[in-house]
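A.B. asks: Here is my input, please return the structure:
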Amino acid sequence: MPTSSTALTATTSCVVAIIITNTNATAQMVTITDGQGSPVTIVSAFSVPGNSQVTFPLYGSQMVSSIKWSAGGTGITGTAVAYQ
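C.D. replies: Numbers count the residues shown, from 1 in each chain. Got it, this is the predicted structure:
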């Protein structure tokens, strides 16, 4: 996952879930927003414990313009389950 806010999609998406994995031994921060002019923050500087996985169930929530995410360091990977 990038350390600066990066768009995963270029369009509005309905997000079922976002799964974040931290492969580091130490906790890492994750932020997830949508891509509209004044972004709606879904997850703000959430601390993912070391060597763990976190699932954010979003139940088809609409993220306008794009899905954007960023991590506080290396070793974070993510998967977004969404439809357009």
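
A.B. asks: What strands flank the helix or strand in which Pro57 is found, and is each parallel or antiparallel?
C.D. replies: According to DSSP states H and E, Pro57 maps onto strand 52-63. Using DSSP bridges, the strands paired with strand 52-63 are strand 13-22 (antiparallel).

A.B. asks: Tell me the buried residues in the strand it pairs with?
C.D. replies: Residues of strand 13-22 classed as buried by neighbour count (16 or more other Cβ atoms under 10 Å): 13, 15, 18, 20-22. Backbone N, C-alpha and C define where each C-beta goes, glycine included.

A.B. asks: show me the residues around His59 that make contact.
C.D. replies: Rather than His, residue 59 is Tyr. Tyr59 makes contact with Val16 under the criterion Cβ atoms under 8 Å, 6 or more residues apart in numbering.

A.B. asks: Return the list of helices and strands in contact with the lowest-mean-pLDDT helix or strand in the chain.
C.D. replies: Least confident helix or strand, the chain: strand 6-7 with a mean of 94, by mean pLDDT, DSSP states H and E. Contacts defined by 3 or more Cβ pairs under 8 Å, 6 or more residues apart in numbering; DSSP states H and E place strand 6-7 against strand 67-71.

A.B. asks: Okay, buried residues for the strand it packs on please.
C.D. replies: Buried residues in strand 67-71, counted by 16+ other Cβ under 10 Å: 67-71.

A.B. asks: Show me which of these is closest to Gln53.
C.D. replies: Of all those, Gln53 sits closest to Ala71, with 13.9 Å by Cβ to Cβ.

A.B. asks: Just the pLDDT for the residue nearest to that closest one when sequence neighbours are not counted.
C.D. replies: Here the nearest residue to Ala71 in space, its sequence neighbours aside, is Met1; by Cβ to Cβ, 6 or more residues apart in numbering that works out to 4.1 Å. If you check Met1, the pLDDT there is 83.

A.B. asks: And for Ser38?
C.D. replies: What the model reports as pLDDT for Ser38 is 96.
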